[in-house]
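Asker: Sequence first, then the predicted structure:
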Protein chains: 2
Amino acid sequence: MNPNALVEAVPNFAEGRRPAVIDAIADALQSAGAHLLDRTSDWDHHRSVLTIAGSPTAVVEGLFRGVEMAARHIDLFSQRGAHPRMGAADVVPLVPLRHITLEECVGLARVLGRRVGDELGLPVYLYEAAATRPERRNLADVRRGEFEGLLATIHMPERAPDFGPAQVGPAGAVIIGARPILIAYNIFLETNDVTIAQSIAKRIRARNGGFPAVKALGLLIDGQAQVSMNLVDYTQTPIHVVFDAITRLAHDHGVKVARSELIGLAPDDALLQAAAHYLQLPTLATTNTIEGALQRAMLD
Amino acid sequence: MNPNALVEAVPNFAEGRRPAVIDAIADALQSAGAHLLDRTSDWDHHRSVLTIAGSPTAVVEGLFRGVEMAARHIDLFSQRGAHPRMGAADVVPLVPLRHITLEECVGLARVLGRRVGDELGLPVYLYEAAATRPERRNLADVRRGEFEGLLATIHMPERAPDFGPAQVGPAGAVIIGARPILIAYNIFLETNDVTIAQSIAKRIRARNGGFPAVKALGLLIDGQAQVSMNLVDYTQTPIHVVFDAITRLAHDHGVKVARSELIGLAPDDALLQAAAHYLQLPTLATTNTIEGALQRAMLD
């Protein structure tokens, strides 16, 4: 593995209410040298999403310690929140950032999964690119029934964990995997008619024959229609392509785009691509920015 | 000064033809720990522009050594190129990047200038934010007459150098200063009529009452009209503002924008601002990108 390899991880925990517990998990995640880039907690969802990045060693060790900390403090027999969850450390995706491939992140996910299973005694399911069965690729399929469902079904052969015992304790199970960078991107429309957002979402999403690597839903947020998206491979469908398409489709409905928003972090490159598109700047690369050139000079 | 202060410098040298000399200068610039971010050399102009960044100490020491190397190898009595020059190390601007102010960069420019004058025995003129007289703020004014003119005038009181002797040797004089980040940005029009580019340049540039902090010229480059710009403070006039204005003005002339280009490096932030503008993304900040958050976590 390249000594300058840089990995991101976006672990999700079933705790959004006790700051002391979330702080302890954040400290554990960083304790092996990974950097905490972002953290958000939601009381209603009873969930926290933390983003860390660093060397593969620092990230994998930090994740192991973060999972251990979550398992020690979170009891799913009493935890009730709006967000579905199957474990205290619910979902742990590893993401290749630089000088590392998705396949290498699959390897890291399996190393982490084996340690979590063996040393912490938690059932582990591998998902997305790390899945060992096609029916476990999709997170929603793996998490179906949540913690309570797993209690009743973990003894069934099709529910056999990839690592760890087929037994469920108060910390539940951990879903570990690898995936490319995902951009959570929403576009608000100047209307309170959610059916317009739903109709546009249907037109653009991959599942209904729209743009590749785009998941989309129409929602009503605080009285405003929103097309809520996950761009699961922005190199296939860039941000500006969905923005322009939604602007056109909204126009067909006689509606304007009000604004857009990013949830969490997006790769610099995805936004530079958008700038290059609108400024008709065909040669722009991240190395044309001072920060990009400096980061390259410092890390390479 | 903040221990994480980061400074950029963009020294210009009167040598664009001998790779061994340019390499030696580049090595000297980096020899105290600064990172080389960019380098361009032009045979006709007989000029090289190098961009370095690092801690104030590493950058100032690297610049001193780079000036020394240039003075050792470049003889202006025989150097003839298309680009105006007054010295072997012709212009040395220091630019604040992070955790450092323009005023602190003025201080660094004066420290460097004193050393170049005292230890290398070269006349030094301070310019832009570091200038000691209003008539020395503008580079073109300081460099008027070039090397040959300086030989004849350096004994005059108004030509007295800020540091070093009032004597001119084969390495000429060094113009040292501090300025904010400058973006060199050009927009090509779908026409060979240079008068359209000239008319647009006049409309947008600060000097004629256009946008603040914008310098612009109309040029003909390889048979294509170009509006050539320096954006000397993109926080006052962002890239996308001049792009949109030029698109509209070109449209009034019945002409389209063909493409645009950045010369050298631009700050990430300036391009993210453009992306945010076109994507109607009001909340975007450099810290919303993975790279920005990571750099902040690593440097702060």
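Answerer: In hand now; what should we look at? Note that this is a predicted model, so its numbers are computed, not measured.
Asker: contacts and neighbour counts: CA atoms only from here.
Answerer: Noted.
Asker: Against which helices or strands is the helix or strand containing residue A:258 packed?
Answerer: For residue A:258, the element it lies in under DSSP states H and E is strand A:257-263. Packing partners of strand A:257-263 (3 or more Cα pairs under 8 Å, 6 or more residues apart in numbering or on different chains; DSSP states H and E): strand A:183-189, helix A:239-252.
Asker: Nearest to chain B, out of the ones you listed?
Answerer: Proximity to chain B (Cα to the nearest Cα) singles out helix A:239-252 among those, at 6.7 Å.
Asker: what about that closest one, near chain B?
Answerer: Yes: using Cα under 8 Å from any Cα of the partner chain, helix A:239-252 reaches chain B at A:240, A:243.
Asker: ok, now stretch A:99-117?
Answerer: No: against chain B, stretch A:99-117 shows no contacts by Cα under 8 Å from any Cα, the least distance being 14.0 Å.
Asker: What of stretch A:225-233?
Answerer: No: using Cα under 8 Å from any Cα, stretch A:225-233 never reaches chain B; the gap is at least 13.8 Å.
Asker: quick one: average pLDDT of that stretch?
Answerer: Stretch A:225-233 carries an average pLDDT of 94.
Asker: send the alpha carbons of that stretch over as PDB?
Answerer: What follows is stretch A:225-233, C-alpha atoms only, in PDB (Å, rounded to 0.1, in the frame of the first residue of the first chain):
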ATOM      1  CA  ALA A 225     -40.400  21.100  -2.000                       C
ATOM      2  CA  GLN A 226     -36.900  19.600  -2.100                       C
ATOM      3  CA  VAL A 227     -35.200  17.100  -4.500                       C
ATOM      4  CA  SER A 228     -33.000  15.200  -2.000                       C
ATOM      5  CA  MET A 229     -30.100  13.300  -3.600                       C
ATOM      6  CA  ASN A 230     -27.200  11.000  -3.100                       C
ATOM      7  CA  LEU A 231     -24.600  11.200  -5.900                       C
ATOM      8  CA  VAL A 232     -22.900   7.900  -5.400                       C
ATOM      9  CA  ASP A 233     -20.300   8.500  -8.100                       C
END
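Asker: what residues does the strand holding residue A:258 touch?
Answerer: Residues outside strand A:257-263 that contact it (Cα atoms under 8 Å, 6 or more residues apart in numbering or on different chains): A:183-190, A:246-247, A:250, B:279-284.
Asker: Repeat the analysis, applying 6 Å as the threshold.
Answerer: A:184-190, B:280-281 (Cα atoms under 6 Å, 6 or more residues apart in numbering or on different chains).
Asker: Any of these buried? List them.
Answerer: A:184-189, B:280-281 (16 or more other Cα atoms under 10 Å in any protein chain shown).
Asker: Please identify which two of those residues are farthest apart in space.
Answerer: A:184 and A:189 (16.8 Å; Cα to Cα).
Asker: one step back: now render the buried ones among the contacts of strand A:257-263 as CSV, adding distance to residue B:89 and pLDDT.
Answerer: Output for the buried ones among the contacts of strand A:257-263, formatted as CSV (distance: Cα to Cα, whole Å; pLDDT from 0 to 100):
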residue, distance to residue B:89, pLDDT
A:184, 49, 90
A:185, 48, 94
A:186, 51, 94
A:187, 51, 97
A:188, 53, 96
A:189, 56, 98
B:280, 44, 95
B:281, 43, 93
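Asker: Out of those residues, flag the one nearest to residue A:32.
Answerer: Nearest to residue A:32 among these, with distances taken as Cα to Cα, is residue A:184, at 28.0 Å.
Asker: Excluding residues flanking it in the chain, which one is nearest that closest one?
Answerer: residue A:230 (4.7 Å; Cα to Cα, 6 or more residues apart in numbering or on different chains).
Asker: Show me what the one you found bridges to in the sheet.
Answerer: residue A:184, residue A:215 (DSSP bridges).
Asker: Regarding whatever residue of the stretch 51-200 of chain A ends up closest to chain B, what is its secondary structure?
Answerer: Residue of the stretch 51-200 of chain A nearest chain B, by Cα to the nearest Cα: residue A:53 (7.2 Å). Three-state secondary structure (criterion: DSSP: H, G, I helix; E, B strand; the rest coil) places residue A:53 in strand.
Asker: List the single closest residue to residue A:138 in space, sequence neighbours excluded.
Answerer: Closest to residue A:138 by Cα to Cα, 6+ apart is residue A:128, at 6.0 Å.
Asker: Next, count neighbours for the one you found.
Answerer: 22 (other Cα atoms under 10 Å in any protein chain shown).
Asker: hang on, it packs against residue A:139?
Answerer: No: using Cα atoms under 6 Å, residue A:128 makes no contact with residue A:139, being 7.1 Å away.
Asker: Which strand or helix spans residue A:269?
Answerer: Residue A:269 belongs to helix A:268-278, assigned by DSSP H and E.
Asker: Revised request: answer the last question for residue A:114.
Answerer: Going by DSSP H and E, residue A:114 is part of helix A:102-120.
Asker: Was I right to think residue A:34 contacts residue A:59?
Answerer: Yes: between residue A:34 and residue A:59 a contact is recorded at 5.5 Å, counting by Cα under 6 Å.
Asker: For the residue lying farthest from the centre of chain A, give its distance to residue A:205.
Answerer: Distance from the centre of chain A peaks at residue A:254, with 33.8 Å (Cα atoms, centre = their mean). Separation of residue A:254 from residue A:205 (Cα to Cα, to the nearest Å): 21 Å.
Asker: what do you get for residue A:215?
Answerer: 5 Å.
Asker: go on, residue A:51?
Answerer: Relative to residue A:205, and taking Cα to Cα, residue A:51 is found at 26 Å.
Asker: Can you check the pLDDT for residue A:299?
Answerer: So, for residue A:299, pLDDT stands at 63.
Asker: backbone phi and psi for the closest residue to chain B within the stretch 1-150 of chain A, please?
Answerer: In the stretch 1-150 of chain A, the residue that lies nearest chain B is residue A:37 (5.4 Å; Cα to the nearest Cα). Dihedral pair for residue A:37: phi -100, psi -30, per degrees, to the nearest 10.
Asker: Who are the contact partners of it?
Answerer: A:51-52, B:293.
Asker: Output the below-cut-off pLDDT ranges for chain A.
Answerer: A:299-300 (pLDDT under 70).
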